[in-house]
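Student: Have a look at this prediction, sequence included:
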Amino acid sequence: MAWPEAVGVGIGAPPMPVPFGIHAHRDDTLMHVASLSGSQDIGSLERHICIVTETYPPEINGVSLTLAQLVKGLLALGHVVSLVRPRQHPFDTFGRYYDYRAILVRGVPLPGYKGLQFGLPAGRLLRNCWARHRPDVVYVATEGPLGWSAVCNTRRLGISVFSGFHTNYHAYSKHYRLGWLQNLVLRYLRTFHNRTSGTLVASGDLGIRLRELGFNNVNVLGRGVDNQRFTPERRCAELRTRWGLSNDGLAILYVGRLAPEKNVRLAIDAYRAIKRRNTAVKFILVGDGPIRTTLQREHPDLIFAGLQTGEELARHYASADVFLFPSETETFGNVTLEAMASGLVVIAYDYAAAKIHITHGETGLLVPYAESKTFIDTAARLVLAHHSLDRIRRQARQYATSIDWPRVVETFDSLLADDGGDCTAIFDNATNFGRMPKAERM
């Protein structure tokens, strides 16, 4: 199975020979793929790191793409990396091209998330596999039934285990009319993460919030961006023409899931406010999700580009001018860095990735968290400050070139080698990392 270039694993490289024999073994609810053939000795390599996740490329979402970059980087450092995840389709034989093992488990569809699923518990299989090929450390990236069984079995086997807080599931509840579940979900998440040696988060402000909610041993792991893929050089006049824009027209872009928790309707309201002041403007929405059909019916003048990956996604970014990101539920928001690297003016709430990486008026525009009217007003005023667009776009790109994945992977490697000590000092460094001096607000 060949991976699309968008996942960032093995980009531009021919298929690699695999030193591990691949064998499939039936279990009553599980499928196990890949046992060591004996041609490679884990003990001769630096470390064996196992990653447990409900999602992984070619699935397209922030968690899967982040994990792909981490796996790629760990392999480059010389580690053996094994992966535990749900089987993605009936003929899934993951692992053929890459230097790590895979344990595939059965899953059930995740309601409201087309193409994603929960991995079913895999306790017995994990115990047997890890007893034979013991990882030095396990990183559990998702908190579903598969992740829970992984945490329980690492504790039983005495294997060091860390967890990642990648998704604000407790905050999602209110967007699906399940607000009454929010405290229950939060309690489960806290119990889950506190059973591990440490929880890795994407930003300092999220780490502080989790600590206040009773999460222990929280450490910050940042995010990087692929500056070769996401670059202004991919700007495409032909694509802008298809959007109905001239060189002087303004392309407003949203990239992400079209779902209630992403607050997409606020982005549409902001676009309407912009258009009242500048009619030479188009709004392009890249992505898919449960409310896409409704939005298309309600707003037939908007351009719904659907799911884009790889170079096509990079072309959509680079061919736009302004990026609206109104989500209030992010743990980070990788799209913020992708837009900055592509040379866009990002308008986002002052938290998560935007808080870390945007200096207001210099590398983007920040809005106080959850102030929707201010978000709309900020977007509308940008039209009047059109002279600022080019300057901010250049500075956003310049800043993004300083953010790369290898440094993030080295931090990840270091944290997994730690004993889970509470690195409070990391919060301030991560929150202020790379920020330019504050500019006057527009």
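Tutor: Sure thing, it's come through.
Student: Find the nearest non-adjacent residue to the residue most central in space within the chain, please.
Tutor: The chain has residue 62 as the residue nearest its centroid, 2.1 Å off, counting by Cα atoms, centre = their mean. Spatial nearest neighbour of residue 62, chain neighbours left out: residue 334 (4.7 Å); criterion: Cβ to Cβ, 6 or more residues apart in numbering. C-betas here are computed from N, CA, C, even on glycine.
Student: that older thread, ok, the residue nearest to the centre of the chain - contacts?
Tutor: Contact partners of residue 62, counting by Cβ atoms under 8 Å, 6 or more residues apart in numbering, are 166, 332, 333, 334, 335.
Student: Could I get the pLDDT score of it?
Tutor: Looking at residue 62, its pLDDT reads 85.
Student: Which of the contacts of residue 62 are buried, as a PyMOL select command?
Tutor: To isolate the buried ones among the contacts of residue 62 in PyMOL, judged by 16 or more other Cβ atoms under 10 Å, type:
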select buried, resi 166+332+333+334+335
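Student: Where helices are concerned, which of the contacts of residue 62 count?
Tutor: Using DSSP state H, 334, 335 are the members of these that sit in helices.
Student: Output the contacts of residue 62 as TSV; include the columns distance to residue 361 and pLDDT.
Tutor: Formatted as TSV, those follow (distance: Cβ to Cβ, whole Å; pLDDT from 0 to 100):
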residue	distance to residue 361	pLDDT
166	30	82
332	22	91
333	20	92
334	23	94
335	21	97
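Student: Closest one to residue 243 out of the contacts of residue 62, please.
Tutor: Taking Cβ to Cβ as the measure, residue 335 is the one of the contacts of residue 62 closest to residue 243, at 18.9 Å.
Student: The closest one reaches residue 325, doesn't it?
Tutor: Yes - using Cβ atoms under 8 Å, residue 335 is in contact with residue 325, at 6.5 Å.
Student: Could you tell me which residues touch both of these two?
Tutor: Joint contacts of residue 335 and residue 325 (Cβ under 8 Å, 6+ apart) are residue 256.
Student: how close does the residue nearest to residue 62 get to residue 322?
Tutor: 18 Å (Cβ to Cβ, to the nearest Å).
Student: how long is stretch 324-342 from one end to the other?
Tutor: Start-to-end span of stretch 324-342 (Cα to Cα, to the nearest Å) is 14 Å.
Student: Now do it: distance to the chain's middle.
Tutor: Per Cα atoms, centre = their mean, to the nearest Å, the displacement of stretch 324-342 from the mean C-alpha position of its chain is 9 Å.
Student: And for stretch 205-216?
Tutor: Per Cα atoms, centre = their mean, the centroid offset for stretch 205-216 relative to its chain is 20 Å.
Student: Flag every buried residue along that stretch.
Tutor: 205, 206, 207, 208, 210, 211, 215, 216.
Student: now, which of those residues lie within helices?
Tutor: 205, 206, 207, 208, 210, 211.
Student: What is the nearest of those to residue 363?
Tutor: Once Cβ to Cβ is applied, the member of those that ends up nearest residue 363 is residue 205, at 17.8 Å.
Student: about what we covered before: relative to residue 304, which of the contacts of residue 62 is nearest.
Tutor: residue 335 (16.7 Å).
Student: mind checking how far that closest one is from residue 186?
Tutor: 25 Å.
Student: before we move on, back to that, wait, the residue nearest to residue 62 touches residue 66, no?
Tutor: Yes - counting by Cβ under 8 Å, residue 334 touches residue 66, with 6.7 Å between them.
Student: what touches both of those two?
Tutor: Between them, residue 334 and residue 66 share the contacting residues residue 223, judged by Cβ under 8 Å, 6+ apart.
Student: To what extent is residue 278 buried, counted in neighbours?
Tutor: Number of residues near residue 278 (other Cβ atoms under 10 Å) recorded here: 14.
Student: That one: which element?
Tutor: Residue 278 is part of no helix or strand, with elements assigned from DSSP states H and E.
Student: circling back to that earlier point, which pair of the contacts of residue 62 spans the longest distance?
Tutor: 166 and 335 (14.4 Å).
Student: Ramachandran angles for the nearest residue to residue 144 once chain neighbours are set aside?
Tutor: Leaving aside its chain neighbours, residue 144 sits nearest to residue 118 (4.4 Å; criterion: Cβ to Cβ, 6+ apart). Phi and psi for residue 118, reported as degrees, to the nearest 10, are phi -80, psi 140.
Student: My guess is residue 118 contacts residue 143. True?
Tutor: No - contact criterion Cβ under 8 Å: residue 118 and residue 143 do not qualify, at 10.1 Å.
Student: Name the residues linked to the closest residue to residue 154 other than its chain neighbours by a beta bridge.
Tutor: Spatial nearest neighbour of residue 154, excluding adjacent residues (Cβ to Cβ, 6+ apart): residue 161 at 3.9 Å. Beta-bridge partners recorded for residue 161 (DSSP bridges): residue 138.
Student: From the chain's centre, how far out is stretch 316-328? Work that out for me.
Tutor: On Cα atoms, centre = their mean, the centre of stretch 316-328 falls 16 Å from that of its chain.
Student: what's the span of it from first residue to last?
Tutor: The first-to-last residue distance of stretch 316-328 comes to 23 Å (Cα to Cα).
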